[in-house]
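Participant: Predicted model, plus sequence, below.
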Amino acid sequence: MGPDCGIAEIGAHDVTRIDAHQHYWQLARGDYGWLTRDLKVLYRDYLPEDLKDTLTACSVSGTVLVQAAPTEEETLFLFDLARRHATILGVVGWVDFEAADVVQRIDALIARGGGLLKGLRPMVQDIADPAWLGRASIDGAFRAMAERGLVFDALVTPLHIEILEWRLLRHPNLACVIDHAGKPVSGDPALDAWSQRMHRIATHTQAYCKLSGLFTQFESPVSNDTLTPYVSRLFEYFGPERLIWGSDWPVLNLRASYREWLDTSLALVGSYAPQAAAAIFADNARRVYGLGKPPRGPQRAPS
């Protein structure tokens, strides 16, 4: 993948973009259960040096680094990368939401991150119980996140959106970002079901939605025409003020280059909300994740 960013270079000196969803991993760490040899292009290390030139060419000044393994050890690894690479503005990590000491674990990660921890992401799509988000055993984790100003990154499929809505209504002060547009599936019946659920959650909650991951949701080749029925609804339901752009690199490499997804995204945003490009490509992420600000500490009773 080369660093050339095509139409993304237009006005590059005038823009500062934030990629709100990307990953780094190191295979030797051994905790990426989903990352197997059959994924071919993904089955290798991806580290900041691999993305540096592309970010520069695409006028992306910083990124939000998102967990790719369900371990706290990986979150500490991401903190270490962030301390050594200024392009990483924040980390969305992982914690065991059902641990008896989950609140203490969250506070420990906040302390270890030193301001880098911006959110947490259980890998809901990989949890066998589709109603997991409704369990009372995870109430404490969500309360703690809301109190500390951490974002809940919702890695869900259309199957989980109704229970996600229920969860968010229980925690109205919890910031939530739905990853990869809720991972829609192609086809008219699936489009209708996804559309109805996304409309409800956009209407009834304050959730944000990431304009990310769409290239890998559909069979190649993916064109603007393929994406239009989905993206048009995202703009209608969430509005540009609640949409956030992300690359999902390097998972993106399964279908396209960083340049191709950015150029496609620029064209789509140009069609639906050209005046909101700065918000979608930077300002919304900066605001939601509190980039440049540390998370709040534990809420303690006054002495």
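Facilitator: Done, it's in.

Participant: phi, psi of the nearest residue to R242 once chain neighbours are set aside?
Facilitator: Among residues not flanking R242 along the chain, Y208 sits closest, at 4.7 Å (Cβ to Cβ, 6 or more residues apart in numbering). For every residue, glycine as well, the C-beta is placed using N, CA and C. With angles defined as degrees, to the nearest 10, Y208 sits at phi -100, psi 170.

Participant: separation between Y208 and M145?
Facilitator: Using Cβ to Cβ, to the nearest Å, Y208 is found at 15 Å from M145.

Participant: With V124 instead?
Facilitator: Distance from V124 to M145, by Cβ to Cβ: 14 Å.

Participant: Which of the two has more residues huddled nearby?
Facilitator: Taking other Cβ atoms under 10 Å, V124 and M145 do not tie; M145 has more neighbours (25 against 21).

Participant: would you list every one of the helices in the protein?
Facilitator: 48-57, 72-84, 102-113, 139-148, 161-170, 188-204, 224-238, 258-272, 277-278, 284-288 (DSSP state H).

Participant: For P250, grab the count of nearby residues.
Facilitator: Neighbours around P250, by other Cβ under 10 Å: 21.

Participant: Name the nearest residue to it, sequence neighbours excluded.
Facilitator: In space, P250 is closest to Y46, 4.5 Å off (Cβ to Cβ, 6+ apart).

Participant: Now for the one you found: which residues touch it?
Facilitator: Going by Cβ atoms under 8 Å, 6 or more residues apart in numbering, Y46 touches H23, Y24, W25, W249, P250.

Participant: with those residues in mind, which one is nearest to I138?
Facilitator: The shortest approach to I138 among the contacts of Y46 belongs to H23, at 23.8 Å (Cβ to Cβ).

Participant: any idea how far the residue nearest to the closest one when sequence neighbours are not counted lies from S61?
Facilitator: Once flanking residues are discounted, H23 sits nearest to A68: 4.7 Å by Cβ to Cβ, 6+ apart. Distance from A68 to S61, counting by Cβ to Cβ: 22 Å.

Participant: Between those two, point out the one with more neighbours.
Facilitator: Taking other Cβ under 10 Å, A68 and S61 do not tie; A68 has more neighbours (22 against 16).

Participant: What about V185? Give its phi and psi, please.
Facilitator: In terms of degrees, to the nearest 10, the main-chain angles of V185 are phi -110, psi 140.

Participant: That one is in contact with S195, isn't it?
Facilitator: No: using Cβ atoms under 8 Å, V185 is not in contact with S195; the gap is 11.5 Å.

Participant: okay, those two: which has more neighbours?
Facilitator: S195 (18 against 14).

Participant: burial count for the residue lying closest to that one once chain neighbours are set aside?
Facilitator: Distances taken as Cβ to Cβ, 6+ apart place R233 nearest to S195, at 5.4 Å, with adjacent residues excluded. Burial of R233 is recorded as 18 neighbouring residues (other Cβ under 10 Å).

Participant: what's the distance between L214 and R255?
Facilitator: Using Cβ to Cβ, one gets 9 Å for the distance from L214 to R255.
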